[in-house]
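Novice: Provide a 3D model corresponding to the input given below.
(2 chains)
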Protein chains: 2
Amino acid sequence: MTGPPDRAVPFDDRGLTLGDGLFETLLAVDGRLRDADAHLARLAAGCTTLGLPALDRAAALRLMQDAAAGSVGRMAVRLTLTAGSGGRGLGRPAAPAPRMFATTAPAPAPAAPVRLSTSTVRRNEGSPASRLKTLAYLDNVLAWREAQAADADEALMLNGAGAVACASAANIFWLADGRLRTPALACGVLAGVTRAAVIAEAARRGILTEEVSAGPETLAMADAVFLTNSLTGIRAAVSLDGRPLGTAPLTGVLASAVAG
Amino acid sequence: MTGPPDRAVPFDDRGLTLGDGLFETLLAVDGRLRDADAHLARLAAGCTTLGLPALDRAAALRLMQDAAAGSVGRMAVRLTLTAGSGGRGLGRPAAPAPRMFATTAPAPAPAAPVRLSTSTVRRNEGSPASRLKTLAYLDNVLAWREAQAADADEALMLNGAGAVACASAANIFWLADGRLRTPALACGVLAGVTRAAVIAEAARRGILTEEVSAGPETLAMADAVFLTNSLTGIRAAVSLDGRPLGTAPLTGVLASAVAG
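Specialist: Numbering: from 1, shown residues only, chains lettered A, B, ... in the order given. Just a heads-up that it's a prediction; the model follows:
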């Protein structure tokens, strides 16, 4: 076997073989990273949850900065951290040596309204992985494919109990009764950086966000539904399974939460 | 970026970045593959479920044969199939080009009795991935780590509804009331090759296997509990969370199902 080459990981990497690892995607604008601290904090917490060695934040930041350096306009930066090579079967080696790399891609269009379709793939609220951005992301891939097949832009994922959880690559919020609501993390929901920013900005303006467990019928009755994601910011959800959703304007309070 | 090098996959491989792919592990004895047809059939079915191009069975078989060639004694052979490179975000490219490779490792000891501990990580019966051997295997890694921490050998995984599903790397069966029982695939269970062999061999000998949804209390009352896996065959489960399980002998009917 040749050594681990440039821009590649060896066959025995546990991120590749088992999904044993984490990632972050964040926006760079003209080469400057957005919300890098929040993304690194989440990644560090994920390493703890997965029992991986403590994150080398400085190295992670440098990888992302180097990847973004010199880019013009909006760019998606992805940092991937795997549990490294080796171990036997499911077990990690005694001293795991995580592997990190950063890649870039064109950023998706921000703020475009989305049509949702309900996925048959359920979110697993019974796994800690559902609250992390892990390399075991296949359920999200499958949900996204279903949405595409249904001529929608994004998938609405329910959890095993039938409660609204998230989209395939976004958190979800809705406005109802003058309040802001979003699924609780216990529903099997990623602790999104933009999700936290929206909650924090709303709180600064005196708007409480209720973190709830609610069925999908709630969305049909809401004044507005929207998705949050670090790359695309806030996007209005305009329909669910072909039926229009509420069209109350997403006020400045929300847009300002992700203005950066 | 350099091209995809030997014994490595590039950073943009979807198996690495998203767990978008499948694997098989099977036993080779003195270089000869066991149950290769059954493993290839399962892999081909998994490609269909995931919407990947049809499996090139001849190429897959050749990779495994080449990997096993010349080995002496028992060897674990793993075939990994990823969705290949590219795409944007969660979406695959228009024409995915799957990537396959085979690796080998020392086979684990067969037939050793195992102590089980109940994992807090639930099996997601609401995802088709739970019935496949996918690269998104992190839940199993986490369950296995819990078992190790509890001084057990394997994890008992329940599904979201609280029913017995499987171990972290094995199917589970039990004997009760003179019958053989195992969780139904709908419980979120891999369609194990050894699982199918046990069911088929039992049927040939007039023993019906009931595929059920049952809570963990069922195991405590069973006459015997055992795990099946292609590498380790049939292993008796001797305890669950420190309490002994039934010790009825696993009769020849079972052992012969995996004698190969």
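Novice: can you map out the helices along the stretch 151-260 of chain A?
Specialist: Assigned by DSSP state H, counting those that start in this stretch, the stretch 151-260 of chain A shows helices spanning A:193-204, A:217-221, A:252-255.
Novice: Quickly note the distance from the nearest residue to A:Ala8 once chain neighbours are set aside to B:Ala59.
Specialist: Of all residues not flanking A:Ala8 in the chain, B:Ala8 sits nearest, at 4.0 Å (C-beta to C-beta, 6 or more residues apart in numbering or on different chains). For glycine as for every other residue, the C-beta is placed from the backbone atoms N, C-alpha and C. Distance, B:Ala8 to B:Ala59, using C-beta to C-beta, to the nearest Å: 19 Å.
Novice: and those two? which has more neighbours close in?
Specialist: For B:Ala8 versus B:Ala59, neighbours defined as other C-beta atoms under 10 Å in any protein chain shown are more numerous around B:Ala8 (23 against 10).
Novice: Can you tell me how far the more buried one is from A:Val9?
Specialist: 6 Å.
Novice: Return the helix or strand in chain A with minimum mean pLDDT.
Specialist: Here the helix or strand of chain A ranked lowest by mean pLDDT, DSSP states H and E is helix A:252-255, holding a mean of 58.
Novice: and the stretch 101-250 of chain A, which of its residues are near chain B?
Specialist: For the stretch 101-250 of chain A, the contact set with chain B under C-beta under 8 Å from any C-beta of the partner chain comprises A:101, A:103, A:105-106, A:108, A:121-129, A:134-142, A:144-145, A:148, A:159-161, A:168-169.
Novice: Write the PyMOL selection for whichever of those are buried.
Specialist: The PyMOL command for the buried members of those (criterion: 16 or more other C-beta atoms under 10 Å in any protein chain shown) is given here:
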select buried, chain A and resi 101+103+108+121+122+123+124+125+126+127+128+129+134+135+136+137+138+139+140+141+142+144+145+148+159+160+161+168+169
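Novice: could you list every residue that touches the nearest residue to A:Val72 once chain neighbours are set aside?
Specialist: Leaving aside its chain neighbours, A:Val72 sits nearest to A:Asp30 (6.1 Å; criterion: C-beta to C-beta, 6+ apart). By C-beta atoms under 8 Å, 6 or more residues apart in numbering or on different chains, the contact list for A:Asp30 reads A:Ser71, A:Val72, A:Gly73.
Novice: okay, A:Asp30: pLDDT?
Specialist: Looking at A:Asp30, its pLDDT stands at 97.
Novice: what about it, distance to A:Ala112?
Specialist: 21 Å.
Novice: Also A:Val121?
Specialist: Taking C-beta to C-beta as the measure, A:Val121 falls 23 Å from A:Ala112.
Novice: Tell me where the stretch 51-200 of chain A has strands.
Specialist: Listed in chain order, the strands of the stretch 51-200 of chain A (DSSP state E, counting those that start in this stretch) span A:74-82, A:99-106, A:114-118, A:154-158, A:164-167, A:171-176, A:179-183.
Novice: Give me the packing partners of the first one, helices and strands only.
Specialist: Using 3 or more C-beta pairs under 8 Å, 6 or more residues apart in numbering or on different chains; DSSP states H and E as the contact criterion, the neighbours of strand A:74-82 among helices and strands are helix A:14-18, strand A:21-29, helix A:36-50, helix A:57-68, strand A:99-106, helix B:14-18.
Novice: now it: mean pLDDT?
Specialist: On average, strand A:74-82 scores 97.
Novice: Paired strands for it, with orientation please.
Specialist: Strands that pair with strand A:74-82, judged by DSSP bridges, come out as strand A:21-29 (antiparallel), strand A:99-106 (antiparallel).
Novice: among these, which is the most enclosed?
Specialist: strand A:21-29 (a mean of 24; mean count of other C-beta atoms under 10 Å in any protein chain shown).
Novice: which ones are touching the residue in the stretch 151-260 of chain A that chain B sits nearest to?
Specialist: Residue nearest to chain B within the stretch 151-260 of chain A (C-beta to the nearest C-beta): A:Gly160, separated by 3.5 Å. Contacts for A:Gly160 (C-beta under 8 Å, 6+ apart) come out as A:Arg122, A:Arg123, A:Asn124, A:Glu125, A:Gly126, A:Gly188, B:Arg122, B:Asn124, B:Glu125, B:Gly126, B:Gly160, B:Ala161.
Novice: Just the closest of those to B:Leu52, please.
Specialist: Nearest to B:Leu52 among those: B:Asn124, at 20.2 Å, using C-beta to C-beta.
Novice: That closest one - nearest residue in space that isn't next to it in sequence?
Specialist: Leaving aside its sequence neighbours, B:Asn124 sits nearest to A:Asn124 (C-beta to C-beta, 6+ apart; 3.7 Å).
Novice: thinking that neighbour is in contact with A:Ala161, fair?
Specialist: No. A:Asn124 lies out of contact with A:Ala161 (C-beta atoms under 8 Å); the separation is 10.7 Å.
Novice: Now the closest residue to A:Leu142 other than its chain neighbours. Its backbone dihedrals?
Specialist: Excluding its sequence neighbours, the residue lying closest to A:Leu142 (C-beta to C-beta, 6+ apart) is A:Val121, at 5.0 Å. Dihedral angles of A:Val121 (phi, psi; degrees, to the nearest 10) stand at phi -80, psi 120.
Novice: my read: A:Val121 touches A:Tyr137, true?
Specialist: No. Assessed by C-beta under 8 Å, A:Val121 is found out of contact with A:Tyr137, at 11.7 Å.
Novice: I'd like to know how far A:Thr80 sits from B:Phe11.
Specialist: Distance from A:Thr80 to B:Phe11, by C-beta to C-beta: 7 Å.
Novice: so what sits against both of these two?
Specialist: Common contacts of A:Thr80 and B:Phe11 (C-beta under 8 Å, 6+ apart): A:Phe101, A:Thr103, B:Thr17.
Novice: Let's have the residues you listed in CSV, adding distance to A:Gly242.
Specialist: Output for the shared contacts of A:Thr80 and B:Phe11, formatted as CSV (distance: C-beta to C-beta, whole Å):
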residue, distance to A:Gly242
A:Phe101, 41
A:Thr103, 36
B:Thr17, 31
